[in-house]
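Trainee: dropping a prediction and its sequence here:
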Amino acid sequence: MAEVEVEVEEEASGVCINEALTDDELRGVLAKLQGDKDKEVFGLVCKRWLHLQSTERKKLCARAGPLMLRKMAARFSRLVELDLSQSVSRSFYPGVTDSDLKVIADGFGCLRVLRLQYCKGITDKGLVAIGCGLSHLQSLDVSYCRKLTEEGLSAIAESCCDLRSLQLAGCRSVNDKALEALSKNCHNLEELGLQGCTYITDSGLTSLVKGCQRLKFLDANKCNNISDIGVCSVSMACSSSLKTLKLLDCYKVGDESVSSLAQFCKSLETLIIGGCREVSDESIKSLAVAACSYSLKNLRMDWCLNISDLSLNCILCNCRNLEALDIGCCEEVTDAAFRGLNGDGSKLGLKILKASNCPKITVMGIGMLLDSCNSLEYLDVRSCPHITKAGCDEAGLQFPEFCKVNFLGSLSEPDF
């Protein structure tokens with residue numbers, strides 16, 4: 001269709017559009033096209049337009065070896081974002097290799113974002129090449145690249161000083177030395193994923209935040225060697241920036257950490273403390289009345305066995321912008337946690353409540369919740385012996401129109 005329109009215009013005017021418009025003018029036309037499909041059609045007009053469309057492309061997701069990568073580098077010379085990640089189910093060995101990373105480092109000079117999840121073949125040698133060739137890199141995802149150690153990551157930190165996001169989930173050999181290198185060199189770091197990096201300790205976190213005080217997102221899920229000392233260091237150093245902190249199954253983390261977050265982190269939006277069994281009512285109450293109670297949107301505290309009605313009621317009454325809450329396996333929680341939630345006449349904004357395996361919550365408690373919340377989209381009450389579909393129907397409970405209630409585990413769970 002685009003070719004026909006161009007030919008018609010040329011015949012009517014007697015002037016070839018390729019002679020009339022410069023490359024910069026054609027780039028201006030391309031920039032005004034909104035959809036990817038329209039941009040692809042632009043490239044079908046002629047070889048010149050295809051070349052311009054290719055050089056202006058910013059993002060690319062592909063699987064390719066060295067030869068194809070070189071061709072891609074020549075064609076997509078202004079590429080900003082490259083995704084070579086493999087999926088968990090379809091990852092093949094070795095996939096991307098160190099030699100591929102050398103080609104990327106030499107050929108994609110404008111690259112700012114590089115994703116390499118589950119690329120099992122890459123080693124420190126490849127990261128050294130990336131550091132040398134892509135010093136302006138701002139985001140790197142090497143999650144589950146399990147051959148990487150502090151040597152390669154230190155090379156990235158030393159060369160890519162403007163790094164903003166680094167994802168290292170599942171990189172089991174990463175230790176505190178990598179965090180020390182980030183602290184010394186990457187002062188603009190905002191996001192760091194460390195899930196499952198079990199060699200990370202309090203010492204590493206303390207070193208990290210001496211230089212990286214702009215952290216907004218820190219995922220330390222299953223880093224079971226960190227404790228209150230490390231978390232308190234993070235909360236104090238990153239008090240004005242931290243929005244998301246994930247500490248799932250960090251069993252050494254307790255009340256001191258949560259109290260410190262409540263005291264210092266006024267912009268906290270997401271807190272994951274599931275499996276932190278030392279956390280109790282004392283610190284959760286302090287969180288409920290802290291400045292961050294206005295910003296808190298997601299709170300996961302499943303398997304926090306010392307949580308009771310007292311602190312949960314405080315959270316629900318004070319954190320009025322809370323959207324997702326997980327209290328699964330908090331066995332001491334009863335219907336009393338849901339009393340008096342609409343005392344001031346305002347409604348809760350809660351969209352997701354996971355309350356599986358809470359044996360003391362009944363249909364009455366769910367009814368009180370529904371009286372104060374009309375925004376609920378997902379409710380998980382699996383393995384709650386006193387809550388059944390028949391019981392809810394008998395009690396006349398009116399769930400919001402689009403609310404999914406998981407009674408038996410047959411529904412997929414939303415994540416947060």
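Mentor: Here it is on my side, so go on. Numbers count the residues shown, from 1 in each chain.

Trainee: any low-confidence regions in this structure?
Mentor: 1-15, 19-21, 23-27, 30, 39, 42, 45, 47-56, 90-94 (pLDDT under 70).

Trainee: and if we set it to 50?
Mentor: 1-4, 8, 10 (pLDDT under 50).

Trainee: now do the strands in it.
Mentor: 59-61, 81-83, 113-115, 139-141, 165-167, 191-193, 217-219, 244-246, 270-272, 298-300, 324-326, 352-354, 378-380, 404-406 (DSSP state E).

Trainee: show me what counts as buried in the second one.
Mentor: Spelled out, that is strand 81-83. Buried residues in strand 81-83, counted by 16 or more other Cβ atoms under 10 Å: 81-82. The C-beta positions use only the backbone N, C-alpha and C, and glycine is treated the same way.

Trainee: what helices and strands are in contact with that strand?
Mentor: strand 59-61, strand 113-115 (3 or more Cβ pairs under 8 Å, 6 or more residues apart in numbering; DSSP states H and E).

Trainee: paired strands for the first one, with orientation please.
Mentor: Looking at strand 59-61 with DSSP bridges, its paired strands and their directions are strand 81-83 (parallel).

Trainee: and the partner strand, how far from the chain's centre?
Mentor: 17 Å (Cα atoms, centre = their mean, to the nearest Å).

Trainee: which of the helices and strands packed on strand 81-83 sits most buried?
Mentor: strand 113-115 (a mean of 19; mean count of other Cβ atoms under 10 Å).

Trainee: that one pairs with which strands, parallel or anti?
Mentor: Counting by DSSP bridges, strand 113-115 is paired with strand 81-83 (parallel), strand 139-141 (parallel).

Trainee: distance to residue 156 added to the ones you listed, as a markdown table?
Mentor: Formatted as a markdown table, these follow (distance: least, Cβ to Cβ, whole Å):
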| stretch | distance to residue 156 |
| --- | --- |
| strand 81-83 | 16 |
| strand 139-141 | 6 |
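
Trainee: residue 208: which of those strands is closest?
Mentor: strand 139-141 (16.2 Å; Cβ to Cβ).

Trainee: contacts for that closest one?
Mentor: Defining contact as Cβ atoms under 8 Å, 6 or more residues apart in numbering, one finds that strand 139-141 is touched by 85, 112-117, 130, 156, 160, 163-167, 193.

Trainee: closest one of these to residue 375?
Mentor: Nearest member of the contacts of strand 139-141 to residue 375, counting by Cβ to Cβ, is residue 193, at 30.0 Å.

Trainee: go ahead and confirm the closest one touches residue 168.
Mentor: Yes - if you go by Cβ atoms under 8 Å, residue 193 and residue 168 touch, sitting 5.8 Å apart.

Trainee: of those two, which one has the most company?
Mentor: More crowded of residue 193 and residue 168, by other Cβ atoms under 10 Å: residue 168, with 25 against 22.

Trainee: circling back to that earlier point, which neighbours do residue 193 and residue 168 share?
Mentor: Shared contacts of residue 193 and residue 168 (Cβ under 8 Å, 6+ apart): residue 143.

Trainee: distance check, the nearest residue to residue 86 once chain neighbours are set aside against residue 146.
Mentor: Nearest residue to residue 86, sequence neighbours excluded (Cβ to Cβ, 6 or more residues apart in numbering): residue 118, at 4.3 Å. Look at residue 118 and residue 146: by Cβ to Cβ, to the nearest Å, they are 10 Å apart.

Trainee: more neighbours, the two?
Mentor: More crowded of residue 118 and residue 146, by other Cβ under 10 Å: residue 118, with 21 against 15.

Trainee: bridged to residue 113, which residues?
Mentor: residue 81, residue 139.

Trainee: count of residues packed around residue 240?
Mentor: Residue 240: 11 neighbours (other Cβ under 10 Å).

Trainee: residue contacts, it?
Mentor: 266-267.

Trainee: which residue ranges of the stretch 51-200 of the chain form helices?
Mentor: Here the stretch 51-200 of the chain has its helices, by DSSP state H, counting those that start in this stretch, at 66-75, 98-107, 124-133, 150-159, 176-185.

Trainee: which residues touch the last one?
Mentor: Spelled out, that is helix 176-185. Counting by Cβ under 8 Å, 6+ apart, 150, 153-154, 157-158, 161, 163, 166, 168, 189, 192, 199-201, 203-205, 207-212 sit against helix 176-185.

Trainee: which of these are buried?
Mentor: By 16+ other Cβ under 10 Å, the contacts of helix 176-185 give 150, 153-154, 157-158, 163, 166, 168, 189, 192, 199-201, 203-205, 207-209, 211-212 as buried.

Trainee: adding distance to residue 340, write the helices and strands packed on strand 81-83 out as a markdown table.
Mentor: A markdown table is the format used below for the helices and strands packed on strand 81-83 (distance: least, Cβ to Cβ, whole Å):
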| stretch | distance to residue 340 |
| --- | --- |
| strand 59-61 | 50 |
| strand 113-115 | 47 |
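
Trainee: of the ones you listed, which approaches residue 46 most closely?
Mentor: In terms of Cβ to Cβ, the element of the helices and strands packed on strand 81-83 nearest to residue 46 is strand 59-61, at 22.0 Å.

Trainee: ok, and the closest non-adjacent residue to residue 282?
Mentor: Leaving aside its chain neighbours, residue 282 sits nearest to residue 255 (5.5 Å; criterion: Cβ to Cβ, 6+ apart).
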